[in-house]
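Colleague: quick one: sequence and predicted model below, then my questions.
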Amino acid sequence: MDKPSNPLFRPRLAIPLGDPAGIGSEVILKALANPQIHQRCEITLIGDRRLVEKTYSDLLDTGMEDPLANPDSLTLWDVELDPKIGGQIHLGSGNAASGAASFQFLEQAIAQTLSGDFDAIVTAPIAKSAWKAAGHHYPGQTELLAERAGATRFGMLFVARSPYTGWTLRTLLATTHIPLKQVSATLTAELMTQKLELLLDCLQQDFGLETPHIALAGLNPHSGEQGQLGHEEQNWLIPWLNQMRDRFSTITLEGPVPPDTLWVKPGQAWFGTEISRKESIAKNVQNSKLKTQNYCDAYLALYHDQGLIPVKLMAFDRAVNTTIGLPFVRTSPDHGTAFDIAKQGIADATSMKAAIELAVELSDRRQLAT
């Protein structure tokens, strides 16, 4: 972790356990085995203590080599489940019971954060199908967080720091969990204005980028090829972008960039263009900032897969999903419940560690701004 901006401030993080049948508890216990994390923040787990202890015991039985934090050494806000629900939860198999549990854990974390007990929430993965089976019809945790917080303007921003060059990738999605056939009808100038405003507020407030450089993706192949491959760009996206350039004259808005070439420069910034990946790691990329100065500070993708395929290709094991537009910081590892490996002790905790670190960084910056 970076040195805190204010050494006297230790943000209070709530970590709901996510779906207890998945790898959430495993990656949390692996991440919290690092003592440096506890030096920077105060962490409280939100969940059923019996489930955490059982997961801990089961993981030890696998003979795994990665260190685990002992639940007895951690602060835990015990959310006792109905015995009928708890008895139906089995590691590696998500169902209505595990969905009900993860929903209850998150609700508790939100309520306590809104009441002032915590500065940030770091959510472990949940299964949307399990939520639905339990009768909770939300597209995901983002929407529940926004509803409970009363946020009408919110977005999903994915953040990852390259281990090769030190460059930071930031990608905001204009639309999220909707079918592809609905994307064109959902995208409007009003929606894009809302997302751009959110992104600018976040870059300035949370990352200290007062005059950011932002690239916007086109919707159609080749950004419509001047109307030959689609009309959205010509009809409203380009005129809207020109209006935004006039309105936000101190920032750089690039685009609409053809979606197939938008990610070339981010890939170069992520992996490095002049030195090999092996040399980058060996040298810790002393001059990486010089190599990445001309790349964008953020990318605005128009739909889910347009943004997340490149993000996960570059940074699957370390990307962090942060919900912008909330009155508190929320981050989450960018992976799912991985029920298929939940019993094996092999889950990678890198993204969970990154989510905790980013929550600390963003909380530090917000605290200094108050």
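Modeller: Ah, there it is.

Colleague: contacting residues for the residue lying closest to residue 213 once chain neighbours are set aside?
Modeller: Take residue 213 and drop its neighbours on the chain: the residue closest to it by CB to CB, 6 or more residues apart in numbering is residue 252, 4.2 Å away. Yep, even glycine has a C-beta here, placed from its N, CA and C like the rest. Residues in contact with residue 252 (CB atoms under 8 Å, 6 or more residues apart in numbering) are 211, 212, 213, 214.

Colleague: and for residue 222, the neighbour number?
Modeller: When neighbours are counted by other CB atoms under 10 Å, residue 222 registers 15.

Colleague: was I right to think it contacts residue 258?
Modeller: Yes. Counting by CB atoms under 8 Å, residue 222 touches residue 258, with 4.9 Å between them.

Colleague: strands along this structure, start to end?
Modeller: Using DSSP state E, the strands of the chain run over 12-16, 42-47, 75-78, 120-122, 155-161, 168-173, 213-217, 252-257, 298-301, 320-324, 329-333.

Colleague: nearest to residue 86, out of those strands?
Modeller: Judged by CB to CB, the one of those that comes nearest to residue 86 is strand 42-47, at 11.1 Å.

Colleague: please enumerate residues in contact with the closest one?
Modeller: Looking at what lies outside strand 42-47 - CB under 8 Å, 6+ apart - the contacts are 10-17, 20, 25, 28, 32, 37, 52, 71, 74-79, 101, 105-106, 108-109, 112, 118, 356.

Colleague: go on, stretch 341-352?
Modeller: Against stretch 341-352 from outside (CB under 8 Å, 6+ apart): 21-23, 26-28, 30-31, 58-59, 62-64, 66, 91-92, 122, 124, 317-320, 333-335, 338.

Colleague: before we move on, what about stretch 115-123?
Modeller: Stretch 115-123 has contacts (CB under 8 Å, 6+ apart) with 11-16, 18, 44, 106, 109-110, 112-113, 141, 145, 328-332, 352, 355-356, 359-360, 362-363, 366-367.

Colleague: could you dump it to PDB, C-alpha only?
Modeller: Taking Å, rounded to 0.1, in the frame of the first residue of the first chain, the C-alpha atoms of stretch 115-123 are listed here in PDB:
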ATOM      1  CA  SER A 115     -25.400   5.300  10.300                       C
ATOM      2  CA  GLY A 116     -21.800   6.400  10.400                       C
ATOM      3  CA  ASP A 117     -20.100   3.300  11.700                       C
ATOM      4  CA  PHE A 118     -18.000   2.800   8.600                       C
ATOM      5  CA  ASP A 119     -16.300   4.900   5.900                       C
ATOM      6  CA  ALA A 120     -16.300   2.300   3.100                       C
ATOM      7  CA  ILE A 121     -17.700  -1.000   2.100                       C
ATOM      8  CA  VAL A 122     -15.600  -3.700   0.400                       C
ATOM      9  CA  THR A 123     -18.000  -6.300  -1.000                       C
END
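
Colleague: could you pull out the buried residues of it?
Modeller: 118, 119, 120, 121, 122, 123 (16 or more other CB atoms under 10 Å).

Colleague: for it, what is the distance to the chain centroid?
Modeller: What separates the centre of stretch 115-123 from the centre of its chain is 16 Å, taken as CA atoms, centre = their mean, to the nearest Å.

Colleague: returning to that earlier point: between which two of the buried residues of stretch 115-123 is the distance greatest?
Modeller: Across those (CB to CB), the longest gap, 14.5 Å, separates 119 and 123.

Colleague: what sits against residue 227?
Modeller: The neighbours of residue 227, taking CB under 8 Å, 6+ apart as the test, are 233, 234.

Colleague: list the beta-bridge partners for the closest residue to residue 315 other than its chain neighbours.
Modeller: Take residue 315 and drop its neighbours on the chain: the residue closest to it by CB to CB, 6+ apart is residue 160, 3.6 Å away. Using DSSP bridges, the bridge partners assigned to residue 160 are residue 169.

Colleague: domain ranges for this structure, per the record?
Modeller: Per the record, the chain has its domains at 1-151+326-370, 154-325, by automatic domain parsing.

Colleague: format the ones you listed as a markdown table; extra columns: mean pLDDT.
Modeller: Converted to a markdown table, these look like this (pLDDT from 0 to 100):
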| stretch | mean pLDDT |
| --- | --- |
| domain 1-151+326-370 | 93 |
| domain 154-325 | 89 |
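
Colleague: find the one among those domains with the highest mean neighbour count.
Modeller: Of these, the one with the most neighbours on average (mean count of other CB atoms under 10 Å) is domain 1-151+326-370, at a mean of 19.

Colleague: which residues of the stretch 151-300 of the chain fall in helices?
Modeller: Taking DSSP state H, counting those that start in this stretch as the test, the helices found in the stretch 151-300 of the chain are 183-186, 189-207, 232, 238-247, 259-262, 264-271, 277-283, 288-292.

Colleague: residue 74 contacts residue 37, doesn't it?
Modeller: No. The criterion here is CB under 8 Å, and residue 74 misses it with residue 37 at 11.2 Å.

Colleague: so who does residue 253 touch?
Modeller: If you count contacts by CB under 8 Å, 6+ apart, residue 253 has them with 214, 216, 241, 244, 245.

Colleague: ok, residue 124 next?
Modeller: The contact partners of residue 124, by CB under 8 Å, 6+ apart, come to 15-19, 22, 24-25, 27-28, 332-333, 352.

Colleague: so the closest residue to residue 230 other than its chain neighbours versus residue 242, what's the distance?
Modeller: In space, and not counting its chain neighbours, residue 230 is closest to residue 220: 3.2 Å by CB to CB, 6+ apart. According to CB to CB, to the nearest Å, residue 220 stands 18 Å off from residue 242.

Colleague: ok, residue 105 next?
Modeller: Taking CB to CB as the criterion, residue 105 is separated from residue 242 by 46 Å.

Colleague: can I assume residue 11 is in contact with residue 364?
Modeller: Yes. With contacts defined as CB under 8 Å, residue 11 counts as touching residue 364 at a distance of 6.7 Å.

Colleague: fine by me, thanks again.
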